[in-house]
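1. Need coordinates for the below:
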Amino acid sequence: MMPMTIEEIAQTVDGHIVVGSDFQIPLGAVATSTFSDSRQVKAGSVFVAIKGERVDGHDFVSGVGAKGAVAALVDHAIDGVGDIAQIVVSDTIKALGRLAHHNIVRRRKLDSAFSVIGITGSVGKTTTKDLLHSLLASLGETVAPVGSFNNDIGLPLTALKVGEYTRFFIAEMGANHVGEIANLTKIVPPDLAVVLKVGVAHLGEFGSVERIAQAKSEIVQGLMPDGIAVLNADDKHVAAMTKFAPGKVLWFGLDSNAKPDARRMTATDITVDSLDRPSFTLVAPDGSSTPVHLGIGGAHNVVNALAAATVAYYFGMPLADIASGLDNVKHISPHRMAVSSVKLDDADFTLIDDSFNANPDSTRAGLDGLARWETAEKSAGDGLQTAKNAKPYRIAVLGAMLELGEDELKLHRQVGEYAAGLGIDEIIAVGNETDKHFDQLAQALAQGAEAEEKHVDAAKSQTRTPVVVQWVHSAGEAERLVAEAARRHENTVVLLKGSHISGLSALAERWAHAKKQERTEVEPKH
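-> Numbers count the residues shown, from 1 in each chain. You can find the predicted model right below:
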């Protein structure tokens, strides 16, 4: 955060300062950081009191002075607080946004180079952010959100980490409604806007794919004057956003038939290894190329890597350095295709944890990764204990997907059909004992898998082990079935994928304590 006086902050957020009768703001006192979590407050912090569904930040204002806070943003003055300045505003979230915008404006006024890269898309935002962060950090000080800090609270909190020496700020921007990304770009207008994909995530909230495309296009419309749009040529909805670009358009993608007139960052000769990690030839817009061995798993992540490479290449990073940087990214944000070995009593299995959230596109991507999974040979380098050439037993533990609108049952059945069509050995659809709607969605997923299994032709069924389909009503039941299967099958691989309410992320956290050895992390994103 650019150092600011208490008076400057109050003026920026249109607030008034309240102090206790025995307290005076120290002469020359400045704020140097901002937090909405009182546990993170340190010397020089501004604490932003936000009223949430379960916790009201105002309840913690009285304790932040002892931790070194110099001020608190509040929507009403808290009695008995005599050791900090309280800046009273009508809405602390809006005030946080104003403060973040002011911080970015101040950084732009300095003589040194500074660029904001905004990223949006129905899937892939967080992975692309993580990949790009790793690349740009080698070029200069880079600020990026932790996890998916991409809304009207997370984005400004991250923007307030930008300081006078920051070279790049990567701003992840998500939305559940039309207008949300437009609001985020008013807080932090990007110099470059990356649009990855228009999918069906939050379809129930938007109403149509066209409305989703409209929402995602707001990041391009919110670019700085002469800002650069970085667009996925393979997605027709994204490619159409070129009409909103105020300046140059950079392209990335795999389909040579999409926008054939566009010079783009692309990949050829794509292969995956036994742990689903892609290798490919990275081809730059000028025709130069270099081999890449992506350090994270998932063939779908090749497109995310292309998006990150396009931005890094624009800022002058040599192609060989981009390839090396992509290879070196082994860990990204949690619960996104994180691969590890788990031991539950006498049951051992490989876990692919993609439990952060789920929509049809990201679930299919996770299932593709599971279907491609093969047994890794035991070696001194990776420490894996699976037997050479042992056929893996693949289990997909799938929670329901939310916010998909009136077609939600159909979309769940389609995902179930897709999973069974891939020949996944066992599909466990996880519902909820107390939420009938969520349970019904999981049932539809199981029904789709069962229907697809029944349509397997007789000739194929003679050479193919039948898919086991189970519908359960809690993550605990799913855990029991996984343990039982792992005892029966020496080389079991388990994918966890579902919306938050499924409880699968909590299950992943519990299993984290049973991990024998962390391997790598990857992500398809939502």
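
2. any idea whether Ser21 is helix, strand or coil?
-> Secondary structure of Ser21, reduced to three states by DSSP: H, G, I helix; E, B strand; the rest coil: coil.

3. for Ile427, same thing?
-> Per three-state DSSP, the local secondary structure of Ile427 is strand.

4. okay, now it: neighbour count?
-> Using other Cβ atoms under 10 Å, Ile427 has 29 other residues around it. Quick note: C-beta positions are derived from backbone N, CA and C, even for glycine.

5. Run through the bridge partners of it.
-> Ala396, Val469 (DSSP bridges).

6. and Leu73, that one's in a strand?
-> Yes. Secondary structure assignment (three-state DSSP) places Leu73 inside a strand.

7. so it makes contact with Val13?
-> Yes. Contact status for Leu73 versus Val13: in contact at 6.8 Å, counting by Cβ atoms under 8 Å.

8. higher neighbour count, those two?
-> Leu73 (27 against 24).

9. Next up, the contacts around that one.
-> Val13, Gly15, Val46, Phe47, Val48, Ala49, Ile87, Val89, Thr92, Ala95, Leu96, Leu99 (Cβ atoms under 8 Å, 6 or more residues apart in numbering).

10. Distance of it relative to Val48?
-> 5 Å (Cβ to Cβ, to the nearest Å).

11. Now do the shared contacts for the two.
-> Listed contacts common to Leu73 and Val48 are Thr92, Ala95, Leu96; contacts here mean Cβ under 8 Å, 6+ apart.

12. Most neighbours among the residues you listed, please name it.
-> Highest neighbour count within the shared contacts of Leu73 and Val48: Leu96, with 26 neighbours (other Cβ under 10 Å).

13. from the contacts of Leu73, which ones fall inside helices?
-> By the criterion of DSSP state H, membership of the contacts of Leu73 in helices covers Thr92, Ala95, Leu96, Leu99.

14. distance of the closest residue in space to Asp75 that isn't next to it in sequence from Asp276?
-> Take Asp75 and drop its neighbours on the chain: the residue closest to it by Cβ to Cβ, 6 or more residues apart in numbering is Thr92, 5.4 Å away. According to Cβ to Cβ, Thr92 stands 44 Å off from Asp276.

15. before we move on, the earlier item: wait, the residue nearest to Asp75 sits on Phe47?
-> No. Contact criterion Cβ under 8 Å: Thr92 and Phe47 do not qualify, at 10.1 Å.

16. Show me where the stretch 101-250 of the chain has its helices.
-> Ranges of helices within the stretch 101-250 of the chain are 125-136, 154-159, 180-187, 203-206, 209-221, 236-239, based on DSSP state H, counting those that start in this stretch.

17. nearest to Glu426, of the ones you listed?
-> Nearest of the helices of the stretch 101-250 of the chain to Glu426, taken as Cβ to Cβ: helix 125-136 at 26.9 Å.

18. Test my guess that Glu453 contacts Leu422.
-> No. The pair formed by Glu453 and Leu422 falls short of the contact definition of Cβ under 8 Å, at 11.6 Å.

19. so what sits against both of Thr92 and Phe47?
-> Between them, Thr92 and Phe47 share the neighbouring residues Gly57, Leu73, with contact defined by Cβ under 8 Å, 6+ apart.

20. In a helix, Arg39, correct?
-> Yes. When the secondary structure is assigned by three-state DSSP, Arg39 falls within a helix.

21. Could you check how far it is from Gly405?
-> Taking Cβ to Cβ as the measure, Arg39 falls 38 Å from Gly405.

22. Comparing the two, which shows the higher neighbour count?
-> Counting neighbours by other Cβ under 10 Å for Arg39 and for Gly405 shows that Gly405 has the greater number, 14 against 9.

23. what residues are up against Pro360?
-> Under the criterion of Cβ under 8 Å, 6+ apart, the contact partners of Pro360 comprise Gly199, Val200, Met401, Leu404, Leu411, Gln414, Val415.

24. closest to Thr492 among the ones in helices among the contacts of Leu73?
-> Proximity of those to Thr492, judged by Cβ to Cβ, is greatest for Leu96, which lies at 45.9 Å.

25. If you count contacts, what does the helix of greatest length in the chain end up packed against?
-> The single longest helix within the chain, with elements called by DSSP H, is helix 436-454. Contact analysis of helix 436-454 by 3 or more Cβ pairs under 8 Å, 6 or more residues apart in numbering; DSSP states H and E lists strand 393-399, helix 408-421, strand 426-430, strand 468-472 as its packing neighbours.

26. Of the helices of the stretch 101-250 of the chain, which is nearest Ile270?
-> For the helices of the stretch 101-250 of the chain, proximity to Ile270 was assessed by Cβ to Cβ; helix 125-136 is nearest, at 16.3 Å.

27. Output the contacting helices and strands for that closest one.
-> Other helices and strands packing on helix 125-136, by 3+ Cβ pairs under 8 Å, 6+ apart, are strand 115-120, strand 168-172, helix 301-314, helix 319-328.

28. Could you save the ones you listed as CSV and add columns showing mean pLDDT and mean neighbour count?
-> Conversion of the helices and strands packed on helix 125-136 to CSV gives the following (pLDDT from 0 to 100; neighbours: other Cβ atoms under 10 Å):
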stretch, mean pLDDT, mean neighbour count
strand 115-120, 97, 27
strand 168-172, 97, 27
helix 301-314, 96, 27
helix 319-328, 94, 19
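
29. Quick check, central residue of this protein?
-> With distances taken as Cα atoms, centre = their mean, Thr126 lies nearest the centre of the chain, 3.0 Å away.

30. and the gap between Trp251 and Arg277?
-> 25 Å.

31. Could you do Leu441 as well?
-> Separation of Leu441 from Arg277 (Cβ to Cβ) stands at 32 Å.

32. gap between Ala29 and Ala71?
-> 9 Å.

33. if you count what's nearby, which of the two comes out ahead?
-> Here Ala29 and Ala71 are compared on neighbour count by other Cβ under 10 Å; more neighbours surround Ala71, at 28 against 14.

34. How about that one: what's its closest non-neighbour residue?
-> Among residues not flanking Ala71 along the chain, Ala85 sits closest, at 4.5 Å (Cβ to Cβ, 6+ apart).

35. Next, the contact list for that neighbour, please.
-> Contacts of Ala85 were listed using Cβ under 8 Å, 6+ apart, and they are Ile6, Ile17, Val18, Val19, Phe23, Ile25, Val70, Ala71, Ala72.

36. any chance of these in JSON lines, with pLDDT too?
-> As requested, the contacts of Ala85 are arranged in JSON lines below (pLDDT from 0 to 100):
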{"residue": "Ile6", "pLDDT": "94"}
{"residue": "Ile17", "pLDDT": "95"}
{"residue": "Val18", "pLDDT": "94"}
{"residue": "Val19", "pLDDT": "90"}
{"residue": "Phe23", "pLDDT": "78"}
{"residue": "Ile25", "pLDDT": "81"}
{"residue": "Val70", "pLDDT": "94"}
{"residue": "Ala71", "pLDDT": "95"}
{"residue": "Ala72", "pLDDT": "96"}
